[in-house]
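**Q** Dropping the sequence and predicted coords here.
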Amino acid sequence: MDEELRELVDRRAIDDLLLRYSTALDTRQWDLLDQVFTADAQIDYATSGGIKGNLEDLKRWFSEEAFIPFTSWQHHLTNMAVELDGDVATGRTSVYNPLAFIGEDGATAVLHVGAWYDDRFARTPDGWRIIGRSLGMAWTDGPFPATVPALPDTP
């Protein structure tokens, strides 16, 4: 395969990988994350009050803590910037994430979150996978569920 075609194929595979991540979260298919990250990926969601660990830590945090206060959510990925270098790549992806929950008054409320993912990717025998991710928080808007403290570094 020539170099330009390889780059297009790789970029599309990484786009699909990122969308698979959103699908896993938005459909609560935590095991689908096994097709997104390597088992030993270094994952840092500390800026959102989350974990700093590996894939199993992330799956446990998502399923047992992070999304428990919310009734529904969507992850919208935009501005995917990827730099390819052979069998590795780096990228930054913006994410907009509205999260719905039942407020103390019994009405549905929505917390809006703007953030980005800084990723390191590697080509594996199973295709492209994320080997490192850090989450950066850009902003929040709206109320937080009573069980979730507001983040100190967000407005």
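**A** It's in. Residues are numbered from 1 along each chain as shown.
**Q** I'd say Y96 and V113 touch.
**A** Yes: assessed by CB atoms under 8 Å, Y96 is found in contact with V113 at 7.4 Å. Placement of C-beta: from N, CA and C, glycine included.
**Q** Could you check which of these two is surrounded by more residues?
**A** For Y96 and V113, the more surrounded residue by other CB atoms under 10 Å is V113, and the numbers stand at 20 against 15.
**Q** is it true that the more buried one lies in a strand?
**A** Yes: judged by DSSP: H, G, I helix; E, B strand; the rest coil, V113 forms part of a strand.
**Q** so what's P69 scoring on pLDDT?
**A** Looking at P69, its pLDDT reads 95.
**Q** Now do the SS call for it.
**A** Quick answer, by three-state DSSP: P69 is coil.
**Q** Can you get me a residue count around it?
**A** Using other CB under 10 Å: P69 sits among 15 other residues.
**Q** where does it sit relative to H76, distance-wise?
**A** 20 Å (CB to CB, to the nearest Å).
**Q** cool, and D34?
**A** Distance, D34 to H76, using CB to CB: 23 Å.
**Q** G103 too?
**A** Taking CB to CB, one finds G103 at 23 Å from H76.
**Q** ditto for A122
**A** Taking CB to CB, one finds A122 at 26 Å from H76.
**Q** neighbour-wise, which of the two wins?
**A** Set side by side, A122 and H76 show more neighbours around A122, with 15 against 12, by other CB under 10 Å.
**Q** which residues does that one bridge with?
**A** V88, R129 (DSSP bridges).
**Q** Spit out the contact partners of it.
**A** A122 makes contacts with T38, D87, V88, A89, W128, R129, I131, as judged by CB atoms under 8 Å, 6 or more residues apart in numbering.
**Q** For the closest residue to the second one other than its chain neighbours, the count of nearby residues, please.
**A** When the adjacent residues along the chain are set aside, D87 lies closest to R123, with 4.1 Å between them (CB to CB, 6 or more residues apart in numbering). Summarising burial for R123: neighbours were counted as other CB under 10 Å, giving 16.
**Q** R11 versus R123, what's the distance?
**A** 12 Å.
**Q** Please apply the same query to Y21.
**A** On the measure of CB to CB, Y21 and R11 end up 16 Å apart.
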